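Asks: one predicted model, sequence on top.
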Amino acid sequence: MEVVLYIAASAALLALAGLFIYLIIFFNGAKGLVASVTGSIESLVAELAGLRGNLQGTIGNLEKIVGQMEGTVQRVNAQLEEVEGIVHNVRDVTQDATDVVHGARNIVVNALGFIDNVQTSVQRPITEAAGIISALGAWLEGFRMRLGLRGSRREAPPELDRE
């Protein structure tokens, strides 16, 4: 039995040696994997550091742009206030101009009405006077004709008396 124990112990030692060999091979492969992962992580850390530097530059640029935008927005707001003032002034001027135009139109309408009244007031007496003068002229012509028929012959003016 002792021999069986020796054989069993020898088999156990051989199995243990095989296990150690397998573990050495496994850890050797794992060492390469760990080295590869470590390199990848170091590369990733380096890229992240570069990205961080780039982002800090970008953030700095964005801060400058935002500062400039604030100034631009303030200037635009000031200009919009000026435009709003101009629009109010134009509205006031337009209203004043409209009032002036309406006032001028009323003056013209009143002047035309006055002219019509004056024309009517003056035209009627002138028409009546013209009618009276025309009637008087016709009466005088008739009167002269009667005088010419009853009296002596009228003398012709010297220009017509060439015969």
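Replies: That came through, no problem. Numbers count the residues shown, from 1 in each chain.
Asks: show me the contacts for T120.
Replies: Applying CB atoms under 8 Å, 6 or more residues apart in numbering to T120 gives no contacts. Just so you know, the C-beta spots here come from the backbone N, C-alpha and C atoms, and that holds for glycine as well.
Asks: please tell me how far it sits from A104.
Replies: Distance of T120 to A104, given as CB to CB, to the nearest Å: 24 Å.
Asks: with N117 instead?
Replies: Computed as CB to CB, the N117 to A104 distance reads 20 Å.
Asks: for this structure, what spans make up the helices?
Replies: Taking DSSP state H as the test, the helices found in the chain are 2-150.
Asks: where does it dip in pLDDT?
Replies: Filtered on pLDDT under 70, the chain yields the residue ranges 149-163.
Asks: switch to 50 and redo it
Replies: The model of the chain has pLDDT under 50 over residues 151-153, 160-163.
Asks: neighbours of A11, how many?
Replies: Residues lying near A11 (other CB atoms under 10 Å) number 10.
Asks: dump the residue contacts of it.
Replies: When the contact criterion is CB under 8 Å, 6+ apart, A11 has no partners at all.
Asks: and what of E63?
Replies: Counting by CB under 8 Å, 6+ apart, E63 touches no other residue.
Asks: do you know how far it is from Q56?
Replies: Distance, E63 to Q56, by CB to CB: 10 Å.
Asks: and if you look at S40?
Replies: Distance, S40 to Q56, by CB to CB: 24 Å.
Asks: same deal with D99?
Replies: Taking CB to CB, one finds D99 at 64 Å from Q56.
Asks: residues near N117, how many?
Replies: N117 has 10 nearby residues by other CB under 10 Å.
Asks: ignore the last one, G113
Replies: G113 has 10 neighbours, counted by other CB under 10 Å.
Asks: also A111?
Replies: A111 has 10 neighbouring residues, counting by other CB under 10 Å.
Asks: ditto for the one 5 residues further on
Replies: D116: 10 surrounding residues under other CB under 10 Å.
Asks: any idea how far L19 is from it?
Replies: D116 is 133 Å from L19, where distance means CB to CB.
Asks: just L147 next, same as before
Replies: Separation of L147 from L19 (CB to CB): 175 Å.
Asks: likewise for A30?
Replies: Using CB to CB, A30 is found at 16 Å from L19.
Asks: cool, thanks, signing off.
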